[in-house]
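> What follows is a predicted protein model with its sequence.
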Amino acid sequence: MNIPFRIGSLNGDDVLEKEFLKGAEALGLIQLKGH
């Protein structure tokens with residue numbers, strides 16, 4: 001089961017989510033977008 005979550009607000013914040021994904025990829029966590 002995938003549990004989607006948004007960063008910043010109910011509808012998310014694109015800038016914060018992009019920063020999160022960039023940091024996650026740097027740590028070896030890939031394909032997190034949308035999950």
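Yes, it's here.

> which stretches of this protein have low pLDDT?
Applying pLDDT under 70 to the chain flags the ranges 35.

> One more pass at 90, please.
1-12, 31-35 (pLDDT under 90).

> what about the strands in it?
With DSSP state E as the criterion, the chain has no strands.

> How are the helices of it distributed by residue range?
14-26 (DSSP state H).

> okay but Leu32 is in contact with Lys18, surely?
No: look at Leu32 against Lys18 with C-beta atoms under 8 Å: they stay out of range, at 11.5 Å. In this view, the C-beta of every residue, glycine as well, is placed from N, C-alpha and C.

> Stretch 3-21: end-to-end distance?
Across its full length, stretch 3-21 reaches 16 Å end to end, with C-alpha to C-alpha, to the nearest Å as the criterion.

> Buried residues in it, which are they?
Of the residues in stretch 3-21, those scored as buried under the neighbour-count criterion (16 or more other C-beta atoms under 10 Å) are Glu17, Phe20, Leu21.

> Distance to Ser9 added to those residues, as CSV?
Listed next are the buried residues of stretch 3-21 as CSV, based on distance: C-beta to C-beta, whole Å:
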residue, distance to Ser9
Glu17, 11
Phe20, 14
Leu21, 17
